[in-house]
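Peer 1: Sharing a model prediction with you, sequence too.
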Amino acid sequence: MRILIVEDEADLRNGLLRLMREEGYAADGAADGVEGYRKALECDYDAIILDFMLPGMDGREYLRRLRHIKRTPVMMLTARNSVEDRVAGLDSGADDYLAKPFVQQELLARLRALIRRNYKTATGAINLGDVVIDTLARRVTKAGHDEAVTGREYSLLEFLAHRRGAVVTRSELYAHLFDENEDTLSNLLEVHVCNLRRKLGADLIKTRRGAGYIIEAADRDEPKV
Ligand code: CA
């Protein structure tokens, strides 16, 4: 999952970038609306965290332009007690908002909910045979037992699982799992796939030579909870 953070306050932007990376997301930052808009067009982010009061292009204008082109989920950050900003943002196409100052855990929970809604995983659990991904807690179990996976391995698994039944290309995976400052060494993706196969079973993630990777879909519906 790759997140764009558009926020002009450097401390807050850097804090959010650090938080996202700690949680296993790839994250890029932009310090004004114009740069943030350019990045949103260049890359298909899984979500955008957008400050409403921005130099260059404010949140309302940003959303107005973005929504002509893309459906990327947007979490808006507004000043406390600014009902007008929230209404304008939601009317312009924001999917959710948080008032500053906010608690990190709430931001992370709302972000997970946004991404889940976007992929229509309503229950929060993705059932892949004996492997179950709990997207609320970002946890993986195999045959009922917790499997320790790294943040990056989790992101790779969840990304493939949300698209199960479809081949995901290597370039798509690199675009969603690694941010602009990371070296995308050509073997890195294989290392993560290899680790996941070792932990969760050799057949879970299949390689399609020259195309990419796939988790097959057969009879693997959301559990009824
Ligand atoms: Ca601001």
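Peer 2: Ah, there it is.
Peer 1: how about the strands in this structure?
Peer 2: Along the chain, the stretches classed as strands by DSSP state E are 2-6, 26-30, 47-51, 74-78, 96-99, 125-128, 131-134, 139-142, 145-147, 168-169, 206-208, 212-214.
Peer 1: Which of these comes out lowest on mean pLDDT?
Peer 2: Ranked by mean pLDDT, the strands of the chain bottom out at strand 125-128, which scores a mean of 89.
Peer 1: quick revisit: quick one: closest of the strands of the chain to the ion.
Peer 2: Minimum separation from the ion across the strands of the chain (CB to the ion) falls at strand 47-51, 4.4 Å. The C-beta positions use only the backbone N, C-alpha and C, and glycine is treated the same way.
Peer 1: what angle sits between that closest one and strand 2-6?
Peer 2: If you take axes from the mean of the first three to the mean of the last three CA atoms, to 10 degrees, strand 47-51 sits at 10 degrees to strand 2-6.
Peer 1: Which strands border strand 47-51, and is each parallel or antiparallel?
Peer 2: Strand 47-51 pairs in its sheet with strand 2-6 (parallel), strand 74-78 (parallel), by DSSP bridges.
Peer 1: Provide the contact partners of that strand at residue level.
Peer 2: For strand 47-51, the surrounding residues in contact (CB atoms under 8 Å, 6 or more residues apart in numbering) are 1, 3-9, 12, 16, 36, 40, 59, 62-63, 66, 72-77, 94, 107, 111, 114-115, 118.
Peer 1: on that earlier part again, TSV for the strands paired with strand 47-51, including distance to the ion and mean neighbour count?
Peer 2: Below are those laid out as TSV (distance: least, CB to the ion, whole Å; neighbours: other CB atoms under 10 Å):
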stretch	distance to the ion	mean neighbour count
strand 2-6	9	26
strand 74-78	8	25
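Peer 1: Format these as CSV; extra columns: distance to Gly129.
Peer 2: Shown next, in CSV, are those (distance: least, CB to CB, whole Å):
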stretch, distance to Gly129
strand 2-6, 27
strand 74-78, 33
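Peer 1: follow-up on the earlier one: now the strands of the chain as a markdown table including distance to Glu153?
Peer 2: As requested, the strands of the chain are exported to a markdown table (distance: least, CB to CB, whole Å):
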| stretch | distance to Glu153 |
| --- | --- |
| strand 2-6 | 16 |
| strand 26-30 | 13 |
| strand 47-51 | 20 |
| strand 74-78 | 25 |
| strand 96-99 | 27 |
| strand 125-128 | 14 |
| strand 131-134 | 11 |
| strand 139-142 | 9 |
| strand 145-147 | 9 |
| strand 168-169 | 15 |
| strand 206-208 | 16 |
| strand 212-214 | 13 |
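Peer 1: how near is Tyr213 to Gly15?
Peer 2: 33 Å (CB to CB, to the nearest Å).
Peer 1: More neighbours: which of those two?
Peer 2: Legend: neighbour count by other CB atoms under 10 Å for Tyr213 and Gly15, higher for Tyr213 (22 against 14).
Peer 1: For the more buried one, give the beta-bridge partners.
Peer 2: Val168, Thr207.
Peer 1: Contacts only, for it.
Peer 2: Applying CB under 8 Å, 6+ apart, the residues contacting Tyr213 are Leu160, Val167, Val168, Arg170, Leu173, Val193, Ile205, Lys206, Thr207.
Peer 1: If we use 7 Å, what do you get?
Peer 2: For Tyr213, the contacting residues are Leu160, Val168, Val193, Ile205, Lys206, Thr207, by CB atoms under 7 Å, 6 or more residues apart in numbering.
Peer 1: Spell out which parts of this protein neighbour the ion.
Peer 2: Taking CB under 5 Å from the ion as the criterion, the chain approaches the ion at residues Asp8, Asp51, Met53.
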